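*Asks:* Just need the structure, nothing else, for what follows:
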Amino acid sequence: MAHLEVKPRNGAPWWLWLLLSLIALGLVLYFINRYNSEAMLTKSTPDTSVNSPAVPRDTL
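*Replies:* Prediction:
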C-alpha cells in the first residue's frame with residue numbers, strides 16, 4: 001500500500017478572523033454610540049445665543 005501523509009488543516013484563514021473582528025468592533029461601537037446619543041437628548045443645554053429684536057430702519 002502507498003504511504004500517504006495527511007497534514008491537519010490550519011483552521012480559518014487570517015482574513016476571515018480579521019473580517020469577523022471588524023464586524024464585532026463595528027457592532028460594539030454602534031451600540032455604544034446609540035446609547036450615548038439617547039442620553040445626550042435628555043440633557044438640557046443652556047441657550048447662550050443673544051436674541052435681540054431687529055432694529056427698525058426707514059426704507060424710503
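*Asks:* All the helices of the protein, residue numbers only.
*Replies:* Assigned by DSSP state H, the chain shows helices spanning 14-42.
*Asks:* can you list the weak-confidence ranges in it?
*Replies:* Along the chain, the parts satisfying pLDDT under 70 run over 37-48, 50-56, 59-60.
*Asks:* if we go to 80?
*Replies:* 1-2, 9-10, 35-60 (pLDDT under 80).
*Asks:* Pull out the CA atoms of stretch 5-22 and give them to me as CSV.
*Replies:* Extracted C-alpha coordinates of stretch 5-22, given in CSV (Å, rounded to 0.1, in the frame of the first residue of the first chain):
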residue,chain,number,x,y,z
GLU,A,5,1.0,11.8,4.7
VAL,A,6,-2.0,13.8,5.8
LYS,A,7,-1.5,17.3,7.1
PRO,A,8,-4.0,18.8,9.5
ARG,A,9,-5.8,21.9,8.4
ASN,A,10,-4.5,25.2,9.9
GLY,A,11,-8.0,26.4,10.7
ALA,A,12,-9.8,29.5,9.3
PRO,A,13,-7.8,31.9,7.1
TRP,A,14,-6.4,35.1,8.7
TRP,A,15,-8.6,37.4,6.7
LEU,A,16,-11.8,35.7,8.0
TRP,A,17,-10.7,36.4,11.6
LEU,A,18,-9.9,39.9,10.6
LEU,A,19,-13.3,40.4,9.0
LEU,A,20,-15.2,38.9,11.9
SER,A,21,-13.3,41.1,14.4
LEU,A,22,-14.0,44.2,12.4
